[in-house]
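[1] I need the structure of the sequence given here:
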Amino acid sequence: MVSRVIPVDPFDLVIFGGTGDLARRKILPGLFRRFCSGQMPEGARIIGAARSDMDDAGFREMVADAIREFGGGRACEDGTLEAFLEHILYETVDAKGDGGWEALKGRLRPGFVRAFYFSVGPSLFGDLAERLRHFGLADDDSRVVVEKPFGHDLASAKALNKALAEHFDETQIYRIDHYLGKETVQNLMAVRFGNVLFEPLWNAQYVDHIQITVAETVGVGGRGEYYDKSGAMRDMVQNHLMQLLCLIAMEPPARFEPDSVRDEKLKVIRALDPVLPHHIVRGQYDKAGDLPGYREDAGDPRSTTESFIAMKCHVSNWRWAGTPIYLRTGKKLRARASEIAVVFKDAPHSIFGEEAGRHRNILTIRLQPNEGMELGVTIKEPGPGGMRLLDVPLDMSFADALGPDAEEVPDAYERLIMDVIRGNQTLFMRGDEVEAAWAWTDPIIEGWKARGEVPKPYDVGSSGPDDSLMLLHRDGRKWRDIRT
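    As a prediction, this is how the structure comes out:
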């Protein structure tokens, strides 16, 4: 199987915060990989913009170093890197002042796609949007890309939306969530809506429950001060896990078009019930020998911010009434793994008797590592001696399916940036979608603050607090093992 590469139109992409960590680790190496794959046209230009006093040559040197470190081993020694660097420019720009804007405007060419990537803190979104319009850099066809966190709560999200809407139409705003750019996440839509096999079973009549897990082995590390003001609920559940939940639970859109898809996702968020207090478990990873615990990493010995959260959610509509969706995410857990597991109900009657045991089908969508899908089916154990049943997987990993071409599959940032250039908003969040997610999230956070709840400690390398196990045990279920 060969991954097709479809070139995009020539473009001018300005990366505000072009010298920052995100640009170095993800954006610039991703663009280099698209260049190596032949998707970036000859007429494309990438313009870094930041406060740092630097010229084109200095920025190109920084970009080259970033690609050597984070580029994934792509061709840097055969002249490809030098060819890519010819597309790189730089301007020193003051996001809150007037310096550098006229020079940056002079770099942009008429008749080319213009995109502006705000790889900066949300506090600068409004200033950048205002100056892009004031100095005439942006027109009605320009696109702006904004990174999360998109707000800290509903009020701040509304303020950010308003600041952007004063200068850009909603059709020009691309709110990026890199989880939606993962190949498996998009394949989830293909599996659901491209196959008659699953959609008739994708409802409360046949699905017992759904588990969505995003587990990390790293702690908060150098992000402790930022993370302590956010926590797992704001950092992961409100955006990443919410998007996965929407794709799992949404109705089939009329067409695979941006607003048709996002309309259905919005309906899911608005159908979410408030989460009951006893359906939430929060945790903090504890010290492990010489390794610091969460509070040491956060620099606050009394911190009540969660590094782990698990919850039981319900979508109140005809499709999912009575089917729980369990969400779980945390740091310093047993393994780095992200997956969605759709657990189907048992067969209504077993003709094989009690000795055959209980067996059920589980569709597992692996987001990381080793992206792929697995469907568990029940078969007869080979050999004589009666009917003995066992569960085996029908497994598809992209590494196996694509072979050597698996390395050519774009990562999330590569795909999403190219979608910006194409003007395709399908995999980006709409403003009302973000606000609806915060409207559901805020009361949950306010509730545990009002109750004075403190996160439960859990061991590094575990599956989280013991209380999270009880969240499912009370329902006669259990979490799937966290494993790579």
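
[2] Give me the three-state assignment for Pro110.
    For Pro110, the assignment made with DSSP: H, G, I helix; E, B strand; the rest coil gives coil.

[3] Now do the end-to-end distance for stretch 132-151.
    With Cα to Cα, to the nearest Å as the measure, stretch 132-151 spans 21 Å from end to end.

[4] Could you check it and say which residues are buried?
    Across stretch 132-151, burial judged by 16 or more other Cβ atoms under 10 Å covers 132, 137-138, 142-151. All C-beta spots, glycine's among them, are computed from the backbone N, C-alpha and C.

[5] Among the residues you listed, which one sits closest to Trp202?
    Lys148 (28.4 Å; Cβ to Cβ).

[6] List the residues that contact the closest one.
    Applying Cβ atoms under 8 Å, 6 or more residues apart in numbering to Lys148 gives the contacts Arg175, Ile176, Asp177, Asn239.

[7] What's the local residue count around His167?
    Using other Cβ atoms under 10 Å, His167 has 18 other residues around it.

[8] I'd like the next helix or strand past the helix or strand bottoming out on mean pLDDT in the chain.
    Using mean pLDDT, DSSP states H and E, helix 398-402 stands out as the lowest-scoring helix or strand of the chain, at a mean of 57. Sequence-wise, the next helix or strand beyond helix 398-402 is helix 412-422, with elements assigned using DSSP states H and E.

[9] now that following helix: mean pLDDT?
    Averaging pLDDT along helix 412-422 gives 92.

[10] now that helix: how far from the chain's centre is it?
    Its chain's average C-alpha position is 14 Å from that of helix 412-422, according to Cα atoms, centre = their mean, to the nearest Å.

[11] which residues touch it?
    For helix 412-422, the surrounding residues in contact (Cβ under 8 Å, 6+ apart) are 8-9, 11, 13, 26-27, 30-31, 33-34, 39, 113, 115, 117, 143, 145, 174, 176, 178-183, 410, 425-428.

[12] before we move on, what about stretch 17-29?
    15, 46-50, 52, 54, 59, 62-63, 66-67, 69-72, 90, 117-120, 147, 178, 413, 417.

[13] need the strands for the stretch 101-250 of the chain, in chain order.
    The residue ranges that make up the strands of the stretch 101-250 of the chain, judged by DSSP state E, counting those that start in this stretch, are 113-118, 143-146, 173-175, 207-215.

[14] And the most centrally placed residue in the chain, how close does it get to His240?
    Geometric centre of the chain, nearest residue: Tyr179, 2.2 Å, by Cα atoms, centre = their mean. Using Cβ to Cβ, to the nearest Å, Tyr179 is found at 5 Å from His240.

[15] rewinding a little: reformat the strands of the stretch 101-250 of the chain as JSON lines; add distance to Ala155 and mean pLDDT.
    Output for the strands of the stretch 101-250 of the chain, formatted as JSON lines (distance: least, Cβ to Cβ, whole Å; pLDDT from 0 to 100):
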{"stretch": "strand 113-118", "distance to Ala155": "20", "mean pLDDT": "96"}
{"stretch": "strand 143-146", "distance to Ala155": "17", "mean pLDDT": "96"}
{"stretch": "strand 173-175", "distance to Ala155": "17", "mean pLDDT": "96"}
{"stretch": "strand 207-215", "distance to Ala155": "26", "mean pLDDT": "97"}
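
[16] Now tell me what touches stretch 339-356 from outside.
    In contact with stretch 339-356 (Cβ under 8 Å, 6+ apart) are residues 188, 201-202, 206-213, 244, 248, 358-367, 387-389, 477, 480.

[17] Pull out the buried residues from the residues you listed.
    Neighbour counting with 16+ other Cβ under 10 Å marks 188, 202, 207-213, 244, 248, 359, 361-367, 480 as buried within the contacts of stretch 339-356.

[18] where are the low-confidence patches of the stretch 301-450 of the chain?
    Low-confidence segments of the stretch 301-450 of the chain (pLDDT under 70): 354-358, 383-386, 396-409.

[19] mind running it again at 50?
    Scanning the stretch 301-450 of the chain for pLDDT under 50 picks out 406.

[20] Now do the strands in it.
    Counting by DSSP E, counting those that start in this stretch, the strands of the stretch 301-450 of the chain are 308-313, 325-330, 337-344, 362-368, 372-380, 389-397.

[21] Take the ones you listed and lay them out in a markdown table including distance to Arg319.
    What follows is these, written out as a markdown table (distance: least, Cβ to Cβ, whole Å):
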| stretch | distance to Arg319 |
| --- | --- |
| strand 308-313 | 14 |
| strand 325-330 | 12 |
| strand 337-344 | 13 |
| strand 362-368 | 16 |
| strand 372-380 | 21 |
| strand 389-397 | 25 |
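
[22] Lys456 is nearest to which of the ones you listed?
    In terms of Cβ to Cβ, the element of these nearest to Lys456 is strand 308-313, at 8.3 Å.

[23] How about the contacts made by the closest residue to Ile280 other than its chain neighbours?
    Spatially, and ignoring its direct neighbours in sequence, Ile280 is nearest to Met311 (4.8 Å; Cβ to Cβ, 6 or more residues apart in numbering). Residues near Met311 by Cβ under 8 Å, 6+ apart: Val237, Val275, His279, Ile280, Val281, Tyr326, Leu327, Arg328, Ile444, Leu471.

[24] Swap in 10 Å and give it another go.
    Counting by Cβ atoms under 10 Å, 6 or more residues apart in numbering, Met311 makes contact with 233, 237, 241, 275-276, 279-282, 324-329, 444, 468, 471.

[25] how close does it get to Gly476?
    To Gly476, Met311 is 18 Å away according to Cβ to Cβ.

[26] same question, Lys312
    To Gly476, Lys312 is 13 Å away according to Cβ to Cβ.

[27] Repeat that for Tyr458.
    Distance of Tyr458 to Gly476, computed by Cβ to Cβ: 23 Å.

[28] more neighbours, these two?
    The residue with more neighbours, out of Tyr458 and Gly476, is Tyr458; 25 against 7, by other Cβ under 10 Å.

[29] so that one bridges to which residues?
    Using DSSP bridges, the bridge partners assigned to Tyr458 are Tyr285.

[30] State the pLDDT value of it.
    At Tyr458, the pLDDT value in this model is 95.

[31] ok, back up a step: same list, the strands of the stretch 101-250 of the chain, but as CSV with distance to Leu333 please.
    As requested, the strands of the stretch 101-250 of the chain are exported to CSV (distance: least, Cβ to Cβ, whole Å):
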stretch, distance to Leu333
strand 113-118, 31
strand 143-146, 29
strand 173-175, 28
strand 207-215, 4
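
[32] Of all those, which one comes closest to Leu197?
    Closest to Leu197 of the strands of the stretch 101-250 of the chain, according to Cβ to Cβ: strand 207-215, at 14.2 Å.

[33] Which strands border the closest one, and is each parallel or antiparallel?
    strand 325-330 (parallel), strand 337-344 (antiparallel).

[34] Could you save those as a markdown table and add columns showing distance to Ile379 and mean neighbour count?
    Conversion of these to a markdown table gives the following (distance: least, Cβ to Cβ, whole Å; neighbours: other Cβ atoms under 10 Å):
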| stretch | distance to Ile379 | mean neighbour count |
| --- | --- | --- |
| strand 325-330 | 28 | 25 |
| strand 337-344 | 16 | 21 |
